[in-house]
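# Give me the fold of what follows.
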Amino acid sequence: MSKPLSLTVKLSILILFAVLFGATMIALSVKDRRANAGEEYSWGKENTIERNFTVKSGDQLIIDADVGDISLTGYDGEELYIKVFQKGSDDQLKKYHVNIDQSGSIVTVKARHEKRYFNFFDDVWFDVRFEVRVPKNFNLELQTSGGNVNIENVNGNIVGGTSGGDLDVGKLEGTVKLSTSGGNIRLIDSKGELTFTTSGGNIIGEDVSGNVHVETSGGNITFRRTDAKLYGETSGGDIRAELKDNKGIDLSTSGGNVVVTLPKTIAGDVDAETSGGDVTCDFQFSGKLKEGSFHGQINGGGQKIRLESSGGDIVIHSVEPDVSRDSNSVE
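Numbering: from 1, shown residues only. Modelled structure (predicted):
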């Protein structure tokens, strides 16, 4: 049976933890003051890596980075251009390793920082950016653990995401599956099988079509000028969707309102339920509309329209076809 620790040993352990905690707080405070003063990028050296590869449409790029923003654009050409911008101290630059290789139809970028411990007193911020240009028809697998991801004008299979930044994409076509653990999502002028998820941000979509699936655990969902089969789910925000047609709609929130705006000529079978508000509908319909629920048909019935809220109102607006309407308020 082991002996209990003596009072002296216990006090020594407590003092050690107190010293470490105090040192950590001081270091973080120093960094925070410098950041607030706008000094985080006022020192440090810069390093740039540039590589070009001859590729063809349908090839693949893989980026796997433990830190850094990714900005990628498609163009009409047959070369892949990669620039990696780094800024930091000599020690940080030496410890950040970027490997770029081509094997057949796949170009791979792997970037890693050597693991460091007790680095509370580092006085230089480290910044990394990946700027890439690929042929317009290209497949992508992108992953960063600490930055934003921006993709524009690419057709192909696109997967990946970020653990701590925003997703901002536009003019994509194909099968897209991207996620972020802590940022917002902006999806513009894209079509295909589009799946986007975030654990803590808002989702905005404009001029999208195809089959769209979005989820957020803590933000609002807003879609405008949408011509898609739309699935949207949030655990803590409002949902507002302006659609050009009913190709199947499934929207649910655990803590907000659901507002849907549709052309008055659309048809659909509606199932709408809220446990914390009212349901209203501008359309002429057949069925039952009572406090907290609506089950019926619009214009004779058609694709399913499922709307659910655990804590807000559900509003179904009708507008003239091809007339844009701001759906940012609940009536």
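# Who are the contact partners of residue 218?
199, 200, 201, 234, 235, 236, 237 (Cβ atoms under 8 Å, 6 or more residues apart in numbering). All C-beta spots, glycine's among them, are computed from the backbone N, C-alpha and C.
# Next up, phi/psi of it, please.
phi -150, psi 30 (degrees, to the nearest 10).
# follow-up on the earlier one: would you turn the contacts of residue 218 into JSON lines with pLDDT and neighbour count?
What follows is the contacts of residue 218, written out as JSON lines (pLDDT from 0 to 100; neighbours: other Cβ atoms under 10 Å):
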{"residue": "199", "pLDDT": "92", "neighbour count": "16"}
{"residue": "200", "pLDDT": "85", "neighbour count": "15"}
{"residue": "201", "pLDDT": "94", "neighbour count": "22"}
{"residue": "234", "pLDDT": "96", "neighbour count": "25"}
{"residue": "235", "pLDDT": "92", "neighbour count": "16"}
{"residue": "236", "pLDDT": "85", "neighbour count": "15"}
{"residue": "237", "pLDDT": "94", "neighbour count": "22"}
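# Let me have these in CSV, adding distance to residue 86 and secondary structure as columns.
Shown next, in CSV, are the contacts of residue 218 (distance: Cβ to Cβ, whole Å; DSSP: H, G, I helix; E, B strand; the rest coil):
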residue, distance to residue 86, secondary structure
199, 28, coil
200, 28, coil
201, 27, coil
234, 37, strand
235, 38, coil
236, 37, coil
237, 37, coil
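# just these now: which is nearest residue 153?
Closest approach to residue 153 among the contacts of residue 218 (Cβ to Cβ): residue 201, at 23.4 Å.
# what about the closest residue to residue 293 other than its chain neighbours, how many residues close to it?
Counting by Cβ to Cβ, 6 or more residues apart in numbering, residue 273 is the residue found nearest to residue 293 once chain neighbours are left out, at 5.1 Å. Residue 273 has 16 neighbouring residues, counting by other Cβ atoms under 10 Å.
# repeat for residue 206
Neighbours around residue 206, by other Cβ under 10 Å: 16.
# Wait, it touches residue 189, no?
Yes - counting by Cβ atoms under 8 Å, residue 206 does reach residue 189; the two are 7.1 Å apart.
# helix or strand for residue 152, which one?
strand 149-162 (DSSP states H and E).
# Which elements pack onto the next helix or strand after that strand?
Using DSSP H and E, the helix or strand that follows strand 149-162 in sequence is strand 167-180. With contacts taken as 3 or more Cβ pairs under 8 Å, 6 or more residues apart in numbering; DSSP states H and E, strand 167-180 sits against strand 149-162, strand 185-188, strand 191-198.
# Give me the below-cutoff pLDDT ranges for this structure.
Residues of the chain meeting the criterion pLDDT under 70: 1-43, 115-124, 323-331.
# Please state the offset of the helix or strand containing residue 294 from the chain centre?
Using DSSP H and E, residue 294 falls within strand 293-298. A distance of 33 Å separates the centroid of the chain from that of strand 293-298, by Cα atoms, centre = their mean, to the nearest Å.
# then that strand to PDB, C-alphas only?
Only the C-alpha atoms of strand 293-298 are listed here, as PDB (Å, rounded to 0.1, in the frame of the first residue of the first chain):
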ATOM      1  CA  SER A 293     -49.000  23.100 -36.800                       C
ATOM      2  CA  PHE A 294     -50.000  22.900 -40.500                       C
ATOM      3  CA  HIS A 295     -50.600  19.700 -42.500                       C
ATOM      4  CA  GLY A 296     -51.900  20.200 -45.900                       C
ATOM      5  CA  GLN A 297     -51.400  20.700 -49.600                       C
ATOM      6  CA  ILE A 298     -50.600  23.800 -51.700                       C
END
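# contact partners of that strand?
266-274, 279, 281, 283-289, 305, 314, 316.
# between the strand holding residue 152 and strand 191-198, how many degrees?
60 degrees (axes from the mean of the first three to the mean of the last three Cα atoms, to 10 degrees).
# what's the angle from strand 149-162 to strand 167-180?
0 degrees.
# Put the alpha carbons of strand 149-162 into CSV.
In CSV, the C-alpha atoms belonging to strand 149-162 read as follows (Å, rounded to 0.1, in the frame of the first residue of the first chain):
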residue,chain,number,x,y,z
VAL,A,149,-10.5,28.3,-46.8
ASN,A,150,-11.5,30.2,-49.9
ILE,A,151,-12.3,28.4,-53.2
GLU,A,152,-13.5,29.9,-56.4
ASN,A,153,-14.3,28.8,-60.0
VAL,A,154,-13.6,25.1,-59.7
ASN,A,155,-15.5,22.1,-61.1
GLY,A,156,-14.8,18.7,-59.6
ASN,A,157,-14.9,16.6,-56.4
ILE,A,158,-14.0,18.9,-53.5
VAL,A,159,-13.6,17.7,-49.9
GLY,A,160,-12.0,18.9,-46.7
GLY,A,161,-12.3,21.9,-44.4
THR,A,162,-10.8,23.8,-41.5
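# Good, wrapping up.
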